[in-house]
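Engineer: would you be able to build a 3D model of this:
(one chain, ligands or ions: 1)
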Amino acid sequence: MIVRKLEDIIGTENDVDTETWNSRRFLLKKDGMGFSLNDTIIKKGTETMIWYKNHVEAVYCIEGEGEIELADDGTVYPIKAGTMYALDGHEKHYLRATKSDMRMVCVFNPPLTGREVHDEEGVYPLIED
Ligand code: 9YT
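Structural biologist: Numbers count the residues shown, from 1 in each chain. Next comes the predicted model:
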């Protein structure tokens, strides 16, 4: 069994901070669960272009407000605490924290391996053994 606390992750190598988001990585590939689990803050007033070509991701908002816009057709879905979205089709999108920081619980399959950050296309690399 694995037990971890956010307070023990903050400030470590599993706390990945960028200009637009801060991801605290609870579970990674090395934990052997088949998925990764992060507690992520999307910073207020930011927009992040994301395109998980190599992963599916489920995102559950537990604090804050914002929106997700699909790049393909411009559909915008509002997000607030209690909203979940799942990128089951590798949708390219823009994630915006409009009114406040948003706090999201993020699950990736295949699992993230460590300190992934988006490349210029919004992609995380697929790291295989
Ligand atoms: C919701 C989302 O995809 N945010 C970007 C960061 C990512 N969730 C991560 O690496 O935790």
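Engineer: without its sequence neighbours, what residue ends up closest to the residue nearest to the spatial centre of the chain?
Structural biologist: When the chain is reduced to its mean C-alpha position, the nearest residue by C-alpha atoms, centre = their mean turns out to be Cys106, at 4.9 Å. For Cys106, ignoring the flanking residues on the chain, the nearest one in space by C-beta to C-beta, 6 or more residues apart in numbering is Asn38 at 4.5 Å. Any C-beta I mention is one placed from the backbone N, CA and C, and that applies to glycine too.
Engineer: same check, this time on Thr98
Structural biologist: When the adjacent residues along the chain are set aside, Thr98 lies closest to Gly66, with 4.9 Å between them (C-beta to C-beta, 6+ apart).
Engineer: same thing with Ile9?
Structural biologist: Setting aside the residues directly before and after it, Ile9 is nearest to Arg24 in space (C-beta to C-beta, 6+ apart), at 4.7 Å.
Engineer: OK, contacts around the one you found?
Structural biologist: Residues near Arg24 by C-beta atoms under 8 Å, 6 or more residues apart in numbering: 6, 9-10, 14-16, 38-40.
Engineer: now Asn22
Structural biologist: Neighbouring residues of Asn22 by C-beta under 8 Å, 6+ apart: 15-16, 40-41, 43.
Engineer: would you list the residues you listed in CSV and tack on secondary structure and pLDDT?
Structural biologist: CSV is the format used below for the contacts of Asn22 (DSSP: H, G, I helix; E, B strand; the rest coil; pLDDT from 0 to 100):
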residue, secondary structure, pLDDT
Asp15, strand, 96
Val16, strand, 95
Thr40, strand, 98
Ile41, strand, 98
Lys43, coil, 98
